[in-house]
Each structure stands twice: as C-alpha cells, then as structure tokens.
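A.B. asks: Kindly return the folded structure for what I paste below:
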Amino acid sequence: MRELLHAIRGPILNPLPDAGVEYFPDGLLLGDDRGRVVAVGGWNDIAARFGLDAAAVPQSLGFIMPPLLDAHIHIPQHPIRGHFTDDIGSAPAGGRLLASLERNVFPAEGRCEAPAHARQVVAGFLADTLANGVVGGAAYMTVHPRTTRLALEQLPDTWSVGLVLMNQNCPGYLRTEEASLVDDVAGLARDFGRRLIVTDRFAVSVNGPLRRCGVDLARRHGLRMQTHLDEQRAEKQLIEKVLYPEAASYTDVYARDGLLDCEPILAHCIHVRPEEVAAIAASRSAIAHCPVSNTLLGSGVMPLTTIRAAGIPHTLCTDVGASPTTSLLCEMAQFLKVHAGDTAEATPEEALRLVTLAPAAILGLGGRIGRFAPGMEWTWIDVASFLAAPAVTAREAILEGLLGMSEAELAAWRGADDPRVAAVGRLRREGLDEGPHLALLEADVRATAGRLERRVRQVVSAGRTIWKETRS
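C.D. replies: As a prediction, the model looks like this:
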C-alpha cells in the first residue's frame with residue numbers, strides 16, 4: 001500500500017455506474033501520493049481499516065462530490081451571459097435565437113479575434129467555471145485558429161475546445177478561412193489531439209461543402225465533432241424548408257454529410273421527430289440537454305422520455321451565454337422543474353449523475369473523474385449545504401442540501417395550480433417568444449441562478465487544490 005497522503009471527511013455523494021447515487025452522511029475519501037483514490041465509504045469503516053485519527057483528518061465545509069463537467073458551453077459568450085437576448089425586441093422575426101446571434105453573440109465572438117482580449121475572456125471563463133465546481137467539458141471558441149489555440153493552452157486538459165466552422169448567414173468577419181483550414185486543423189490536432197473538436201456551428205451557418213470538409217478533417221485526425229440541432233421551431237423551418245429542402249429533416253442534413261459518424265455532441269434536440277431520434281440513436285452521438293437556455297430562449301423542452309427510451313447518451317449543460325450562469329446546480333434545478341410533470345426519470349439523483357458521471361463518459365474522462373472509486377483521480381469539490389442538519393438520504397442531500405429545494409416545491413411543478421406549470425406546458429407545446437409565461441419562467445430561472453451560483457467552497461484535482469473560496 002502506498003503512503004496515504006490525502007484524506008477528507010464529510011457527507012459524500014457518489015454517483016454509481018448503473019443507476020442511483022451512493023450517500024455517506026459521515027464519509028471519508030482517501031487518496032495516495034499519486035493523487036488517486038484509495039478508498040471511499042463511511043467514516044467508521046474506512047477509519048478503522050486504515051487506523052486513522054479523527055483529529056488528523058480535515059473536515060469538509062459541505063458535501064464532497066465528484067467535480068462537474070459541462071459538455072456544451074460557449075467561451076466567447078461568457079462576457080455576455082445574462083445579456084444574450086438584450087435589445088432584440090419582442091417576438092423578433094426568425095425567433096429569439098437567431099436575433100440574439102445577430103445582435104449580441106456574433107459581435108462578442110468577433111472581439112475574440114484579438115489575442116489579448118481572447119486571453120482575458122478565457123481567463124475569466126476558467127475562474128468562473130472553477131468557482132462553480134466545473135473542471136472540464138466541451139466548449140465552443142470561435143472561427144479563429146489562433147484564439148482556439150490560446151483557449152486550449154490556457155485551459156486544463158479536461159477541457160476540449162472547438163474551432164468553429166461558419167461560411168454563410170453570418171458576418172464576414174466570422175467566416176472560416178477555408179483556404180487554410182486543412183493546415184489549421186492539422187496543426188491544432190498535432191498539438192492537442194482529441195481535445196480539439198471540429199465544430200459545425202449549425203446548419204444555418206455552415207453549407208454542405210464546408211461541413212463535408214470538416215467531417216473529412218475529423219476522420220483524418222481522429223477527432224470528434226459538435227453542433228446544434230433542432231433548437232427552435234423557426235430555425236428548424238429555415239433549415240428544412242429554405243436552406244436544405246432536399247433533406248428529409250434537420251438531422252438528415254448532418255447524416256448525409258457524415259457528421260453523425262464523428263461521435264458528435266448534439267446540443268438541444270428539442271424538436272426532433274421520431275425518424276430523427278432513430279437516426280441519432282443509430283449513430284455514435286450524444287445529446288447536450290440545456291434546460292436553462294431552452295427556457296430563457298423560449299425554445300421548448302427536450303423530450304427526455306423519448307431520448308432515454310432510445311438509449312441516447314445525454315448530459316446536462318449550461319449553453320452559456322444563453323444561460324446567465326455557469327452553475328450546473330442551476331441546470332439541475334431547472335431539469336427537475338421542466339420535467340417534473342412528464343417523467344418519473346427526472347429525479348434529483350439522476351440530475352446529479354447528468355452533471356458528473358454521464359458527461360465524464362461522453363467526454364472520454366470516465367476513467368479519471370465523474371465518480372469515486374479506487375484508482376480514479378482524487379478529484380472532488382466541496383459544495384455548501386442549505387441544510388442545518390445532516391441529510392438522511394441521497395435524495396434529501398441533493399434536492400434540499402445542494403439545490404435548496406423542498407419536496408413541496410418540487411411537487412408544485414407537477415400540479416395544476418402553479419402558473420409556472422402552465423408556462424412550462426406552453427413552452428413544451430409551442431415555444432415562447434414573448435409574454436407573461438416567458439417572463440414568469442425567466443424570473444424563476446434568474447432567482448434560482450442567484451441562489452445557486454458559487455456554492456462551491458473548494459476544488460481539488462488529483463490531490464492538488466486548484467480553487468478555494470476566499471472570504472473577505
């Protein structure tokens with residue numbers, strides 16, 4: 001047995017590989033001098049096995065749990081989080097998504113062409129994600145190879161970053177330099193391997209030839225891809241009726257060009273028809289489910305029951321900047337709310353798995369992080385509890401301790417009396433462009449984000465503290 005150098009005692013939440021979450025109200029997580037987990041379990045059992053003295057073991061401030069991972073987030077949009085839809089007007093033509101891209105998002109991405117600005121944005125992004133316990137994921141950068149390289153250099157190796165492809169329906173200053181693309185991708189792939197993701201922005205902004213070029217480059221260098229799919233009805237109609245009328249569906253646009261063969265992470269997948277679900281399930285795709293973004297943009301609600309029944313891997317993600325926060329705790333809370341009345345599968349335990357173990361598997365990090373087991377990295381976060389007394393069950397620890405929600409509040413989202421339930425119903429059926437239902441849901445999301453942001457007290461990676469709350 002190697003020398004034990006690392007130990008932390010406290011309530012432990014540990015997602016399990018098959019289903020559920022293991023919970024130790026008084027737990028102990030042990031690691032060795034390599035920064036690897038040696039044992040996890042109840043204090044009495046582990047302390048007795050290893051002859052540990054309680055006085056010598058640090059106590060956590062809150063819950064000890066695996067770190068969080070975000071498989072769909074936009075780095076250049078971090079400075080405009082919370083302001084994604086500013087000044088787009090009410091019920092804009094083409095929907096809130098396309099209007100926001102034109103008014104706020106594309107200018108923010110254009111500013112990242114300057115290396116000094118890009119470095120500042122990436123640094124702010126890294127500091128904020130760590131403060132919310134997010135240690136890695138899959139991010140979009142911009143069309144600029146130089147700034148994509150900067151992001152890959154600044155971020156730890158648990159982050160993958162996408163060089164974005166765009167050549168239509170976007171500003172001229174954000175169009176891919178197609179003449180140098182082959183060399184640009186080759187250089188980034190050589191230096192960063194599969195941390196580089198070939199990123200098809202979405203079918204509105206990428207034509208078939210450029211997409212097929214991206215697919216060819218992904219195959220040549222052994223890279224995966226990422227894109228957006230079926231986010232808003234107006235977007236779907238534009239793609240299927242105007243831009244690609246020969247395609248059978250929005251999903252078919254990607255299938256025909258080979259993108260579905262490149263292990264893509266497909267963001268949103270809200271308005272998918274049965275044949276699209278079947279095509280996604282038959283591929284090596286995963287879905288990034290973004291309840292906060294989908295609510296604030298009035299996009300709709302991903303059909304969770306259908307996606308789960310098809311066996312498609314999926315994970316909860318923030319989609320910052322459409323979300324005002326990088327907190328995946330906020331995403332967990334919104335997941336429970338929008339799915340409260342449509343499936344029994346949206347449990348607090350499943351919400352936790354969808355921000356830890358599930359994204360680790362999707363991102364190829366499952367052998368390192370996502371859960372606690374001997375041989376895994378001694379990597380964890382300490383999250384403050386809303387409870388005054390120790391939680392008894394995993395459900396109570398997650399729902400009430402981590403998210404500050406009561407069983408009565410969650411039950412209200414299943415009833416008919418709460419006006420927010422009617423708003424979610426309309427969001428699911430037809431989407432929301434404006435009006436009191438959207439305003440009601442937006443106010444609730446922003447209040448939740450304010451309550452759940454920066455609840456993390458410490459982040460430890462492979463035995464080394466990489467972030468710690470400082471109190472003034």
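
A.B. asks: what's near enough to touch Leu98?
C.D. replies: Pro92, Val204, Gln232, Ala234, Glu235, Leu238 (Cβ atoms under 8 Å, 6 or more residues apart in numbering). Where you see a C-beta, it was placed from the backbone N, CA and C, and this is true even at glycine.

A.B. asks: Low-confidence ranges, the protein, go.
C.D. replies: 1-3, 471-472 (pLDDT under 70).

A.B. asks: what about the helices in the stretch 201-350 of the chain?
C.D. replies: Ranges of helices in the stretch 201-350 of the chain, per DSSP state H, counting those that start in this stretch, are 208-221, 233-237, 250-256, 274-282, 291-296, 304-309, 328-338, 348-353.

A.B. asks: cool, the stretch 351-472 of the chain as well?
C.D. replies: Counting by DSSP H, counting those that start in this stretch, the helices of the stretch 351-472 of the chain are 357-362, 394-396, 407-412, 419-430, 436-452.

A.B. asks: ok, Gly364 - how many residues close by?
C.D. replies: By the criterion of other Cβ atoms under 10 Å, Gly364 has 13 neighbours.

A.B. asks: list the contacts for it?
C.D. replies: Here Gly364 is in contact with Arg194 (Cβ under 8 Å, 6+ apart).

A.B. asks: Ok, Val57 next?
C.D. replies: Val57 touches Ala7, Ile8, Arg9, Leu28, Ala47, counting by Cβ under 8 Å, 6+ apart.

A.B. asks: from these, which single one is nearest Lys468?
C.D. replies: Using Cβ to Cβ, Ile8 comes nearest to Lys468 of these, at 13.0 Å.

A.B. asks: what helix or strand does that closest one sit in?
C.D. replies: strand 4-15 (DSSP states H and E).

A.B. asks: now the angle between strand 4-15 and the helix or strand that that strand is followed by, please.
C.D. replies: Scanning forward in sequence from strand 4-15 by DSSP H and E, the next helix or strand is strand 21-32. Put simply, strand 21-32 runs at 170 degrees to strand 4-15, going by axes from the mean of the first three to the mean of the last three Cα atoms, to 10 degrees.

A.B. asks: Name the residues of the strand holding Ile8 that are buried.
C.D. replies: Neighbour counts over strand 4-15 (16 or more other Cβ atoms under 10 Å) mark His6, Ala7, Ile8, Arg9, Gly10, Pro11, Ile12, Leu13, Asn14, Pro15 as buried.

A.B. asks: wait, the fifth one sits on Met65?
C.D. replies: No. Gly10 is beyond contact range of Met65, at 10.0 Å (criterion: Cβ atoms under 8 Å).

A.B. asks: Report the distance from stretch 209-224 to the chain centre.
C.D. replies: 24 Å (Cα atoms, centre = their mean, to the nearest Å).

A.B. asks: same deal with stretch 372-390?
C.D. replies: 19 Å.

A.B. asks: now do stretch 430-439
C.D. replies: 24 Å.

A.B. asks: which of the residues in that stretch are buried?
C.D. replies: Gly431, Leu432, Asp433, His437, Leu438.

A.B. asks: could I get those as CSV with distance to Trp380?
C.D. replies: As requested, the buried residues of stretch 430-439 are exported to CSV (distance: Cβ to Cβ, whole Å):
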residue, distance to Trp380
Gly431, 39
Leu432, 38
Asp433, 42
His437, 40
Leu438, 38
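
A.B. asks: Considering these, which is situated nearest to Gln120?
C.D. replies: Nearest to Gln120 among those, with distances taken as Cβ to Cβ, is Leu438, at 32.9 Å.

A.B. asks: tell me the contacts of that closest one?
C.D. replies: When the contact criterion is Cβ under 8 Å, 6+ apart, the partners of Leu438 are Gly298, Ala423, Leu427, Leu432.

A.B. asks: Quick check: the gap between the nearest residue to the first one once chain neighbours are set aside and Val445.
C.D. replies: Leaving aside its chain neighbours, Gly298 sits nearest to Leu432 (3.4 Å; criterion: Cβ to Cβ, 6 or more residues apart in numbering). Relative to Val445, Leu432 is positioned 12 Å away (criterion: Cβ to Cβ, to the nearest Å).

A.B. asks: if we can go back for a sec, relative to Pro209, which of the helices of the stretch 351-472 of the chain is closest?
C.D. replies: The nearest among the helices of the stretch 351-472 of the chain, by Cβ to Cβ, is helix 357-362 at 28.8 Å.

A.B. asks: Would you mind measuring from the residue nearest the centre of the chain to Ala344?
C.D. replies: Nearest residue to the geometric centre of the chain (Cα atoms, centre = their mean): Cys317, 2.2 Å. Distance of Cys317 to Ala344, given as Cβ to Cβ: 23 Å.

A.B. asks: for Arg256, same thing?
C.D. replies: Taken as Cβ to Cβ, the span from Arg256 to Ala344 is 37 Å.

A.B. asks: okay, these two: which has more neighbours?
C.D. replies: Ranked by neighbour count (other Cβ under 10 Å), Arg256 and Ala344 place Arg256 first, with 16 against 9.

A.B. asks: contacting residues for that one?
C.D. replies: Arg256 touches Ala247, counting by Cβ under 8 Å, 6+ apart.

A.B. asks: again with the one 3 residues further on
C.D. replies: Applying Cβ under 8 Å, 6+ apart, one finds that Leu259 lies in contact with Asp200, Arg211, Gly214, Val215, Met225, Thr227.

A.B. asks: returning to what we had before: could I get the buried residues of strand 4-15 as TSV with distance to Val292?
C.D. replies: Listed next are these as TSV, based on distance: Cβ to Cβ, whole Å:
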residue	distance to Val292
His6	34
Ala7	36
Ile8	30
Arg9	33
Gly10	28
Pro11	26
Ile12	27
Leu13	22
Asn14	25
Pro15	21
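
A.B. asks: And these, which is closest to Glu331?
C.D. replies: Pro15 (15.5 Å).

A.B. asks: Is that closest one in contact with Val355, as I believe?
C.D. replies: No. In this structure, Pro15 is not within contact of Val355 by Cβ under 8 Å, at 9.2 Å.

A.B. asks: picking up where we left off before, out of the contacts of Leu259, what pair is the most spread apart?
C.D. replies: Going by Cβ to Cβ, the pair spanning the contacts of Leu259 furthest: Val215 and Thr227, at 10.9 Å.

A.B. asks: ok, these two, which is more surrounded?
C.D. replies: Thr227 (29 against 21).

A.B. asks: The nearest residue to that one once chain neighbours are set aside and Gly162, how far apart?
C.D. replies: Distances taken as Cβ to Cβ, 6+ apart put Asp200 closest to Thr227, at 4.1 Å, once the chain neighbours are dropped. Asp200 sits 9 Å away from Gly162, going by Cβ to Cβ.

A.B. asks: Walk me through the domains of the protein.
C.D. replies: Annotated domains of the chain cover 4-66+372-401+455-468, 68-362 [automatic domain parsing].

A.B. asks: tell me the most buried of these?
C.D. replies: For the domains of the chain, the largest average neighbour count (mean count of other Cβ atoms under 10 Å) is found in domain 68-362, namely a mean of 21.

A.B. asks: that older thread, give the contact list for the residue nearest to the centre of the chain.
C.D. replies: If you count contacts by Cβ under 8 Å, 6+ apart, then Cys317 has Asp70, Ala71, His72, Ile73, Gly137, Ala267, Ala288, His289, Cys290, Leu328, Glu331, Pro359 around it.

A.B. asks: Okay then, goodbye and thanks.
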